[in-house]
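Enquirer: let's see this in three dimensions:
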Amino acid sequence: MTPFARLVLDAVERIPRGKVMSYGDVAEFVGAGSARAVGTVMARHGSEVPWHRVLHSDGTCATHKSDRQLDLLRGEGVPLVRDRVDMRRARWDGG
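Expert: Residues are numbered from 1 along each chain as shown. Next up, the predicted model:
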């Protein structure tokens, strides 16, 4: 595993229950990479962390896991508007 991947997974591990970050938020939080690079790390290693708390910046879920991701987010009380996370209310800034 690369040092960047470890940074990403450590950041995702810190996202509190009921909160989310976008792929780009994670890249900004770790100070490296891009949303796409974070997505690659999550695709390869995401099962090691609460992967469901990372999604697209518009609040939509990963296409291939959207039903499962939405179920997990609902279970944590993440605010949703239909099938999107209300990013204004649910986004975690890392603080």
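
Enquirer: now do the buried residues in the strand or helix carrying residue 72.
Expert: Following DSSP states H and E, one finds residue 72 within helix 66-75. Applying a neighbour-count criterion of 16 or more other CB atoms under 10 Å, one finds 69, 70, 72, 73 buried in helix 66-75. Where C-beta positions appear, they are placed from N, C-alpha and C, glycine not excepted.

Enquirer: chain center to that helix, what's the gap?
Expert: How far helix 66-75 lies from its chain's middle: 12 Å, per CA atoms, centre = their mean, to the nearest Å.

Enquirer: from the contact counts, what lies against that helix?
Expert: strand 80-81 (3 or more CB pairs under 8 Å, 6 or more residues apart in numbering; DSSP states H and E).

Enquirer: who touches the strand it packs on?
Expert: Strand 80-81 has contacts (CB atoms under 8 Å, 6 or more residues apart in numbering) with 59, 70, 73, 74, 86.

Enquirer: again with stretch 56-69
Expert: For stretch 56-69, contacts defined as CB under 8 Å, 6+ apart pick out 22-25, 35, 51-52, 55, 70, 73, 81, 83-87, 90.

Enquirer: that one: end-to-end distance?
Expert: 12 Å (CA to CA, to the nearest Å).

Enquirer: ok, now which ones touch residue 74?
Expert: Residue 74 makes contact with residue 80, according to CB under 8 Å, 6+ apart.

Enquirer: over to residue 90?
Expert: With contact set as CB under 8 Å, 6+ apart, residue 90 has these partners: 18, 19, 20, 59, 78, 79.

Enquirer: need these in a markdown table with neighbour count and pLDDT, can you?
Expert: Shown next, in a markdown table, are the contacts of residue 90 (neighbours: other CB atoms under 10 Å; pLDDT from 0 to 100):
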| residue | neighbour count | pLDDT |
| --- | --- | --- |
| 18 | 14 | 96 |
| 19 | 19 | 98 |
| 20 | 26 | 98 |
| 59 | 21 | 95 |
| 78 | 21 | 97 |
| 79 | 16 | 96 |
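
Enquirer: looking at those residues, which is nearest residue 41?
Expert: Among the contacts of residue 90, residue 20 lies closest to residue 41 (CB to CB), at 16.5 Å.
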